[in-house]
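[1] Generate a structure from the sequence data that follows.
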Amino acid sequence: MAQQQTWQFPSHIAVMAEESENNLYFVCKRGMDVTLACLLLILLSPLLLLIAILIKLDSPGPVIFSQERVGSQRQWLGRTSLWVIRHFRMLKFRSMSQNADPAVHEAYIRDFVEGRARPSEESDGKFKLTNDPRVTRVGRILRKFSLDELLQLVNVLKGDMSLVGPRPVPPYEVAGYRSGHHRRLAALPGITGIWQVKGRCRVTFEEMIRMDIEYVRDASLLLDLKILFLTIPAVISRRGAE
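    Below is the predicted model of the structure:
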């Protein structure tokens, strides 16, 4: 088993402060998150059960994979609100073999953040690992249609995530952030977002950061609904997925 590494970066940082935020937007956004997440979990419960059975039959190990991710949460100081960086456990259906070594992915993410990664011809010009031997047979199918991410609806109900927001990232990615990059964390992390529907795995790290900061700046209920609707064709077309 690979030794767990502790990444050295501040776990609580105020990344944005605003005197006059649209609180109605945040109330409506939370209401939409809870309502849709509950409905989806109920409607998709047969599919979730089927996925769990297939994972159990395909390879040894737990059905659910829990990984530490970095997001943020809004906190109030008087009349000023701050987005504070925090860690949480993100849930996914397991798509890799049990106790898979994360070193390969950590090395790739370092190269991606530092601009050394190049699009792979094997993945049709995408920025991602290809032919990863850690991925199981069922896991490949789950990843093609983003089915492994359905359990993040539970994270939405818990308030760790939103349906729409910047991608939640592992600590070893945030450890490589430079000045200005943390601005993308000034929102609840989301299951889907601008990067997922417009540039998933096809843009550089700096372009991804720009997209997320653009969302943080322009966030609105209308934009969230637009991204949710754009997610449907993105998932069906398997854009950026393995």
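[2] Next, find the distance separating the residue of the chain most remote from its centre from Phe26.
    The outermost residue of the chain relative to its centre, with distances by CA atoms, centre = their mean, is Gly78 at 30.5 Å. Gly78 sits 17 Å away from Phe26, going by CB to CB, to the nearest Å. The C-beta positions use only the backbone N, C-alpha and C, and glycine is treated the same way.
[3] quick one: the strands in the chain?
    14-18, 64-77, 80-93, 162-164, 190-192 (DSSP state E).
[4] and the last one, what does it pack onto?
    In this case it means strand 190-192. helix 152-158, strand 162-164, helix 221-236 (3 or more CB pairs under 8 Å, 6 or more residues apart in numbering; DSSP states H and E).
[5] List of residues touching the second one?
    Spelled out, that is strand 162-164. Strand 162-164 is contacted from outside by 29-30, 32-33, 36-37, 156, 187-193, 223-224, 227-228, using CB atoms under 8 Å, 6 or more residues apart in numbering.
[6] Would you point to the one among the helices and strands packed on strand 190-192 that's packed deepest?
    Among the helices and strands packed on strand 190-192, ranked by average contacts under mean count of other CB atoms under 10 Å, first place goes to strand 162-164 (a mean of 26).
[7] Sheet partners, orientation included, of that one?
    In the sheet, strand 162-164 lines up against strand 190-192 (parallel) (DSSP bridges).
[8] The partner strand: what's the following helix or strand?
    Note on strand 190-192: by DSSP states H and E, the next helix or strand toward the C-terminus is helix 194.
[9] Which elements pack onto that next one?
    helix 205-218.
[10] buried sites along the helix it packs on?
    Phe205, Met208, Ile209, Arg210, Met211, Asp212, Ile213, Tyr215, Val216 (16 or more other CB atoms under 10 Å).
[11] Which entry within those residues corresponds to the minimum pLDDT?
    For those, the minimum pLDDT belongs to Phe205; the value there is 88.
[12] and the gap between it and Ile236?
    In this view, Phe205 and Ile236 are 27 Å apart by CB to CB.
[13] Reformat the strands of the chain as TSV; add mean pLDDT and distance to Ile141.
    Formatted as TSV, those follow (pLDDT from 0 to 100; distance: least, CB to CB, whole Å):
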stretch	mean pLDDT	distance to Ile141
strand 14-18	50	37
strand 64-77	88	16
strand 80-93	89	11
strand 162-164	97	23
strand 190-192	95	19
